[in-house]
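>>> Let me see the structure of the following:
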Amino acid sequence: MKLTTRIVINVNKRICNRQIRFCTTSTPSGPPPPTGDEQEMLRRQMAMMMEQMHLEASRQAQMQTDVGTQAMHPATGIPSPSAPLPHMQPQQPHQFPPGAFPPFGQPQAPIGFEEAPKQMNKLQKMLPLMVKIYTIQSSPDWFQPWQHKVPNSTSGSGLIMDPANRLVITNAHVIIDGTFIEVRKHSSPTRYQAEVVYTGHCCDLALLRVESDEFWEDVPAEPVTFADIPHLQDEVKVVGFPTGGDQISITSGVISRIELTAYSHAILSQHLLSIQIDAAINAGNSGGPAVVGDSVVGIAFQSLIGAENIGWIIPTTVIKAFLDSYHSSRDKPNPPTIFDGFCTINIIVQEAVNPGIRKYLKLNEKQTGVLVIKIPETSNAKGILEPLDVLMRIDGYQIANDGTIPFRDHERIALDHLFHQMKSGDMTEIVVWRKGEEITLQVPVYVTPMMVPNYTPYTGSTAQLSYFVLGGIVFVDLYMGYLMEWGDWYRVGPRQLVNRATADSIYQKNPDQRVVVPASVLMSNLTKGYGDFLHAPVKKFNGEEVNNLYHFVELWRNNTEEFVQIEFLDKRLMLLPYTEVNEKTPDIMKKYGVPAQGSPDVLELLEGPDAPDA
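Now for the predicted structure:
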């Protein structure tokens, strides 16, 4: 307490001395010196200021030491009016005991250090499992896919979740396009190199492995405890390394909402279950845990721009599906590094609330469900469900007219959540209303690839885009990263590409189908007049539908025609002389600094009969 009083006194003295020097100092070019009366007035003002300073310091010291003996108002805790207040009593200049202040520069223990609890609480026991992640990112150049963009550095948070397997969990967007990744434990100044072992772009999760033995020396051996989905208004804490400092940060809030929502990292993927909280989630928090009690209930991953304290965490149900997929794939000969996603039956439905629709379908007031309006070619329900079927129940859960099902007590959630809990190949029982009667059907669920994927199957230093150069025309598969080069891609991106990306379930005819586009047109005599074909979707190659870039390369390799006719979605044609293109492509590549006619996977395909997996 005396230390606090001393600080106040020293601050007041510095302020007072500045005022005094300002009042008493004069310069030759300044105003004339004060008269005798003015000097006396200044002297009295200075004395009054010094006296007031001593009285204030004495009052503070007296209140800090003796306030416990004063009469207090029983309700407010404020000193009772009947008790004499310290500043109303005659005060003597406060005398500090000898040795109260240590010599200047001597280290002093922080206030209250000795009183700090020796036992860590439940949340503090999790702090040794926290890491800060440093990533050097170098994203591919979508229009010149043989090279990468200028590297930049980012940081995020992570959690040591499996010490036995040396795994750290974080967000996929924290390590995307990472060419060099390091992690630092909360309690250590040392950084250790990490590598990405598994990524789930659709759920914005990633697993890192740290091989250094030194990193794991003082890490608790017990794995992290993951809890079930919390309830509304449960208190939650978010732990991480957000912007504004380099040390760990803990923010608090409550569970605000639980529903399916879009994951910003996976722009056009399925909406997945997420938990909205009002604890602050800022840049750098991504990948850090959200904790209720002593258990992890989610991983922080996004917040709403322009709003206060609206953020989301990835719930443990999504995390569990991601981890189960990783562990189940480890025994395969060439284990995948990308999580393929969540199951669906891939149909298009609408609400069945319109009176005219309900009358046409002969639905009574108590019957509820959603109306099937389209079944894409890639749907698992193709040949089982029919347009104008009404989905009424799925695995015993009654479907409401808005497409929701019961979820815990007095809550509802979108019916897609049921499919997300299943594994590829599982069967689901669906009761439908068809032509005036109920029918029970068995429908399989699978993971359906997107025609315009969010990200390439390559990560980190191997993030080489697949490409193929023909006479200066650079062909690639379309990804969302390509469209995002336009910024506000939905408004200003090439309309044909936007339509293909946002309605792929309508156009996609098989799971391997992609959209092939010319990403660049390097001008030469072979490409003269073809500059306007940039970003146009390819439809056919010599009359055959093009499935993806690998298929396009195969068709070129096996061509026997003198001219190759490439038809685009808008019916325009590109005619290329086959032999001349093969002869002149190397010179054109050299002129424009293109290192190879294709990416390594494409070159391998050109030389052999078997295509790599798409």
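>>> After the longest strand anywhere in the chain, which helix or strand is next? Please name it.
With DSSP state E applied, the strand covering the greatest number of residues in the chain is identified as strand 249-261. Read in the C-terminal direction, the helix or strand following strand 249-261 is strand 272-277, with elements assigned using DSSP states H and E.
>>> What pairs with that next one, parallel or antiparallel?
Taking DSSP bridges as the criterion, strand 272-277 sits next to strand 249-261 (antiparallel), strand 311-315 (antiparallel) in its sheet.
>>> from the ones you listed, which stretch is densest packed?
With neighbours taken as mean count of other C-beta atoms under 10 Å, those reach their highest mean count in strand 311-315, at a mean of 25. C-beta coordinates here come from the backbone N, C-alpha and C atoms, glycine included.
>>> Nearest to residue 587, out of the strands paired with strand 272-277?
In this view, the strands paired with strand 272-277 are compared for proximity to residue 587 by C-beta to C-beta, and strand 311-315 is the closest at 51.0 Å.
>>> With just CA atoms, put that closest one into PDB.
Output for strand 311-315, consisting of C-alpha atoms alone and laid out as PDB, is shown next (Å, rounded to 0.1, in the frame of the first residue of the first chain):
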ATOM      1  CA  GLY A 311     -17.400 -14.900 -33.400                       C
ATOM      2  CA  TRP A 312     -17.700 -18.600 -34.100                       C
ATOM      3  CA  ILE A 313     -16.000 -21.700 -33.000                       C
ATOM      4  CA  ILE A 314     -15.800 -25.100 -34.700                       C
ATOM      5  CA  PRO A 315     -17.700 -27.600 -32.400                       C
END
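>>> Counting neighbours, what do you get for residue 410?
7 (other C-beta atoms under 10 Å).
>>> ok, so what distance separates it from residue 376?
When C-beta to C-beta, to the nearest Å is the yardstick, residue 410 and residue 376 sit 35 Å from each other.
>>> Any chance of the strands paired with strand 272-277 in TSV with mean pLDDT and distance to residue 536 as columns?
TSV is the format used below for the strands paired with strand 272-277 (pLDDT from 0 to 100; distance: least, C-beta to C-beta, whole Å):
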stretch	mean pLDDT	distance to residue 536
strand 249-261	94	34
strand 311-315	95	37
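>>> need those in TSV with distance to residue 372, can you?
Conversion of these to TSV gives the following (distance: least, C-beta to C-beta, whole Å):
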stretch	distance to residue 372
strand 249-261	19
strand 311-315	29
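>>> and residue 449, which of those is closest to it?
Among the strands paired with strand 272-277, the nearest to residue 449 by C-beta to C-beta is strand 249-261 (20.3 Å).
>>> contacts for the closest one?
Defining contact as C-beta atoms under 8 Å, 6 or more residues apart in numbering, one finds that strand 249-261 is touched by 123, 229-242, 271-281, 285, 292, 309-310, 312, 315, 407, 411, 413-414, 416-417.
>>> Quick check: which of the strands paired with strand 272-277 is nearest to residue 155?
With C-beta to C-beta as the yardstick, what comes closest out of these is strand 249-261 (12.7 Å).
>>> Just give me how far that closest one sits from the chain centre.
Strand 249-261 has its C-alpha centroid displaced from the chain centroid by 14 Å (C-alpha atoms, centre = their mean, to the nearest Å).
>>> ditto for stretch 524-539
37 Å.
>>> cool, and stretch 133-148?
The mean C-alpha position of stretch 133-148 is separated from the chain mean by 19 Å, C-alpha atoms, centre = their mean.
>>> again, but for stretch 467-474
Between the mean C-alpha position of stretch 467-474 and that of its chain there is a distance of 35 Å (C-alpha atoms, centre = their mean).
>>> any idea which helix or strand carries the nearest residue to residue 153 once chain neighbours are set aside?
Among residues not flanking residue 153 along the chain, residue 136 sits closest, at 5.6 Å (C-beta to C-beta, 6 or more residues apart in numbering). When secondary structure is defined by DSSP H and E, residue 136 falls within strand 130-137.
>>> Residue 564 against residue 541, yeah?
Yes. Taking C-beta atoms under 8 Å as the definition, residue 564 is a contact partner of residue 541 at 7.0 Å.
>>> neighbour-wise, which of those two wins?
For the pair residue 564 and residue 541, the greater number of neighbours falls to residue 541 (20 against 17), based on other C-beta under 10 Å.
>>> Looking at the residue nearest to residue 267 when sequence neighbours are not counted now. What's its pLDDT?
Closest residue in space to residue 267, ignoring its immediate chain neighbours: residue 480 at 5.3 Å, by C-beta to C-beta, 6+ apart. Among the per-residue scores, residue 480 holds a pLDDT of 90.
>>> Ok, residue 441 next?
In this prediction, residue 441 carries a pLDDT score of 96.
>>> same thing with the one 4 residues further on?
Looking at residue 445, its pLDDT reads 94.
>>> again with residue 576
The score at residue 576 is 95. That number is its pLDDT.
>>> and the residue nearest to residue 153, how many residues sit next to it?
Neighbouring residues of residue 136 were enumerated by other C-beta under 10 Å; the total is 14.
>>> can you give me the helices in the chain?
2-24, 36-66, 172-175, 316-328, 355-361, 416-420, 480-483, 489-492, 495-502, 504-507, 549-557, 578-592, 600-607 (DSSP state H).
>>> Out of these, which gets the lowest mean score?
Comparing mean pLDDT across the helices of the chain, the lowest value falls on helix 2-24: a mean of 30.
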